[in-house]
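> Here is the input, now give the coordinates:
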Amino acid sequence: QLQLVESGGGVVHPGGSLRLSCEASGRRPDAYSIGWFRQAPGKEREGLSCISSDGGRSHYSDSVRGRFTVSRDNAKNTIYLQMNDLQSEDTAVYYCAAKLGILCLNWDAPNFHVWGQGTQATVSS
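Residues are numbered from 1 along each chain as shown. Have a look, this model is predicted:
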């Protein structure tokens, strides 16, 4: 059974940065592609990024491409989301999620079967 734990959220000013971490534990974390999602109050969950199991391929939504970077260190069983130039609209609870398979193909939320508990990121002046 795979488990995911996010960390790294906090409060930053507009234009600031945060690096979120997603620590995976359990059976074969390196067999899973990992996605990052967020949900703001009153809004639907939004897919942000996905990284393949070996870290070789990554995908981004239009809303974060160029500002966010996903990476992973399989030796540490940790996946990262570097978030730069944060704005108020980035305020949300951020989740990492896992789907079994090498590639991210079709990285919609329903295709991910293991979810972390989320970490809050707040952008405020």
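> Enumerate every residue touching the residue lying farthest from the centre of the chain.
Taking C-alpha atoms, centre = their mean, the residue of the chain most remote from its mean C-alpha position is S125, at 23.9 Å. Contacts for S125 (C-beta atoms under 8 Å, 6 or more residues apart in numbering) come out as H13, P14, S88. From N, CA and C alone the C-beta is placed, and that goes for glycine too.
> cool, and G10?
Counting by C-beta under 8 Å, 6+ apart, G10 makes contact with L18, Q120, A121, T122.
> Who is it paired with across the strands?
A121 (DSSP bridges).
> thinking again about what came up before, which of the contacts of S125 tops the neighbour count?
Comparing these by number of neighbours (other C-beta atoms under 10 Å), P14 comes first, having 13 neighbours.
> Would you map the strands across this structure?
Under the criterion DSSP state E, the chain contains strands at 3-7, 10-12, 18-25, 32-39, 46-51, 58-60, 68-73, 78-83, 92-100, 114-115, 119-123.
> Compare those and give me the one nearest D108.
Closest to D108 of the strands of the chain is strand 46-51 (C-beta to C-beta; 6.6 Å).
> Show me what the closest one pairs with in its sheet, parallel or antiparallel.
Strand 46-51 is paired, per DSSP bridges, with strand 32-39 (antiparallel), strand 58-60 (antiparallel).
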